[in-house]
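Colleague: Dropping a prediction and its sequence here:
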Amino acid sequence: MTSPFQKAVESAFKVFSRRNGASVTSDSLSELRTNLNKVTKDELRIDPHVLEDKIPKEHEAPVTYIRILEDKLMTIAVFVLRQGKSLPLHDHPGMFGLLKVIHGSVTIKTYTPLDPNKYPVPATLSETLADKYGRNIPVYPSWYEGDKVCTETDDCCVISPNNKNVHEIISESGTAAFLDVLSPPYNHKSMEDCRPCSYYKEISIDSKEPNIRYLVKIKSPPEYWCDEVDYYGPQLPLPS
Ligand SMILES: [Fe+2]
């Protein structure tokens, strides 16, 4: 019998493999979302020890990565976040993503990048940054979509290339875990098909429109790193 996770993976292969022929829309993602919403940590057979509430010691990873699928079409993985830890603010260039919480709760802080031609960066901000760093610093105007708490009873969150593409995921009240489906995957290597993951921080500035925020790229924060445990859940269906 096909389990909800296996059905979700089948839906993902179906919708993302036709991407070049037909654009992915929220309608075309509905089957994948429905199946993903039924996936549980029990089905994925995640070791309960990995999900125990504990504050990591200095030498312990703040985040555990469970690799499920990494291929040219998509990546599927589980991230386990320890209490008070986060996936720093990051983007998903040209990518779709579906995030389903399967344990605990996370707060997701989300931004949608804005067109800098329509939302120019205030000159004072650019000048202040140039003075501080001794060179021009690119600034990315973004629409702050708000903070949303997601638990394992909530439906999955969806991001797309042009909507809610930048987010930070924080576990505030104990260990939390979520299943992440990304397509196409990040790609740091290929020149033609390059999708590196960039990290950001928000620059505080008084603004007439409080939801317009300004982001700058930063190095991967050193406090963020992952250890890895194996996946023991259902076998993945092969692409049709
Ligand atoms: Fe993400």
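Modeller: That came through, no problem. If you're wondering where the values come from, they're calculated on a predicted model, not measured in any experiment.
Colleague: ok, residues contacting the longest helix seen in the chain?
Modeller: Counting by DSSP state H, the longest helix found in the chain is helix 4-17. Counting by C-beta atoms under 8 Å, 6 or more residues apart in numbering, helix 4-17 makes contact with 2, 24, 28-29, 31-32, 35-36, 38-40, 43-44, 69, 73-74, 76, 96, 181, 183-184, 233-237, 239-240, all of which sit outside it. Yep, even glycine has a C-beta here, placed from its N, CA and C like the rest.
Colleague: Next: stretch 195-203.
Modeller: Judged by C-beta under 8 Å, 6+ apart, the contacts made with stretch 195-203 from elsewhere in the structure are 88-95, 125, 129, 139-140, 166, 184-188, 213-221.
Colleague: Keep only those of these that are in strands.
Modeller: Assigned to strands by DSSP state E, the following of the contacts of stretch 195-203 qualify: 88-90, 140, 166, 213-218.
Colleague: Report the separation between the closest residue to Ser171 other than its chain neighbours and Phe96.
Modeller: Here the nearest residue to Ser171 in space, its sequence neighbours aside, is Leu81; by C-beta to C-beta, 6 or more residues apart in numbering that works out to 3.8 Å. Using C-beta to C-beta, to the nearest Å, one gets 22 Å for the distance from Leu81 to Phe96.
Colleague: One more: Pro116?
Modeller: 23 Å.
Colleague: And those two? Which one has more around it.
Modeller: Applying other C-beta atoms under 10 Å to Pro116 and Phe96 shows that Phe96 carries more neighbours, namely 23 against 12.
Colleague: List buried residues within the ones in strands among the contacts of stretch 195-203.
Modeller: By neighbour count, with 16 or more other C-beta atoms under 10 Å, the ones in strands among the contacts of stretch 195-203 hold 88-90, 140, 166, 213-215 as buried.
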